[in-house]
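Undergrad: pasting the sequence and the predicted coordinates here, then a few questions.
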Amino acid sequence: MVRLTRIYTRHGDGGDTHLGDMSRARKTSPRVTAYGADLCVPGGEGEAEGARLRMVPAQVERLERWCDDVNVRLEPLTSFVLPGGTTAAAALHHARTVCRRAERAAVALADREPVTPAAIAYLNRLSDLLFILARDANRGAGGDVMWVPAEGREA
């Protein structure tokens, strides 16, 4: 168990931070930009099974099941969906935007260093789930906010 008696340490005042393996990295490094859980420890792809706590395909598959369970209740899409609708849907669309940013950061990291492939797949699937949940949140409140090409344009 982790026990934090003091939040500030002053160790990061010079622009460095600890990674999950206690090595140090610049706060601007691609790993620090991308990390959370799995990505905070260098290594990943090609690492011996069970060497560290890593994302696994089963976690991605669980998100896919949740996507399927909720999506079956929704009408098929006929256009792009705009972020909005209910407060809950807007918050889920916002969370999806943040998740997509995290995914881009993880892909940028993977272009430079080894990354667990399931970590990137997880972020991709999580953003899908957030989109589906936003659509579901709008289902009983008038439906999605749909994009209508050229709507609102002056002629």
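TA: That came through fine. Here the structure is a predicted model, which means the values were calculated and not measured. Numbers count the residues shown, from 1 in each chain.
Undergrad: flag the shaky bits of the chain, pLDDT-wise.
TA: Applying pLDDT under 70 to the chain picks out residues 44-52, 155.
Undergrad: the helices in it, which residues?
TA: 30-34, 57-71, 87-110, 117-139 (DSSP state H).
Undergrad: just checking the distance from stretch 103-116 to the centre of its chain.
TA: 13 Å (Cα atoms, centre = their mean, to the nearest Å).
Undergrad: in that stretch, what's buried?
TA: Glu103, Ala105, Ala106, Leu109, Ala110, Glu113, Val115, Thr116 (16 or more other Cβ atoms under 10 Å). Heads up, the C-betas are built off the backbone N, CA and C, glycines and all.
Undergrad: go on, stretch 138-155?
TA: Buried, per 16+ other Cβ under 10 Å, within stretch 138-155: Asn138, Arg139, Asp144, Val145.
Undergrad: Asp69: which of those is nearest?
TA: Ranked by distance to Asp69 (Cβ to Cβ), the buried residues of stretch 138-155 are led by Arg139 at 13.9 Å.
Undergrad: now do stretch 60-70: everything it contacts.
TA: Stretch 60-70 is contacted from outside by Ala118, Ala121, Tyr122, Arg125, Leu126, Asp128, Leu129, Ile132, Leu133, Asp136, using Cβ atoms under 8 Å, 6 or more residues apart in numbering.
Undergrad: output that stretch as CSV, nothing but the C-alphas.
TA: These are the backbone C-alpha positions of stretch 60-70, laid out as CSV (Å, rounded to 0.1, in the frame of the first residue of the first chain):
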residue,chain,number,x,y,z
VAL,A,60,-9.3,-4.1,-24.6
GLU,A,61,-11.8,-7.0,-25.2
ARG,A,62,-13.8,-6.0,-22.1
LEU,A,63,-14.2,-2.5,-23.5
GLU,A,64,-15.3,-3.9,-26.8
ARG,A,65,-18.0,-6.0,-25.0
TRP,A,66,-19.2,-2.8,-23.2
CYS,A,67,-19.3,-1.0,-26.6
ASP,A,68,-21.4,-3.7,-28.1
ASP,A,69,-23.7,-3.9,-25.1
VAL,A,70,-24.6,-0.2,-25.3
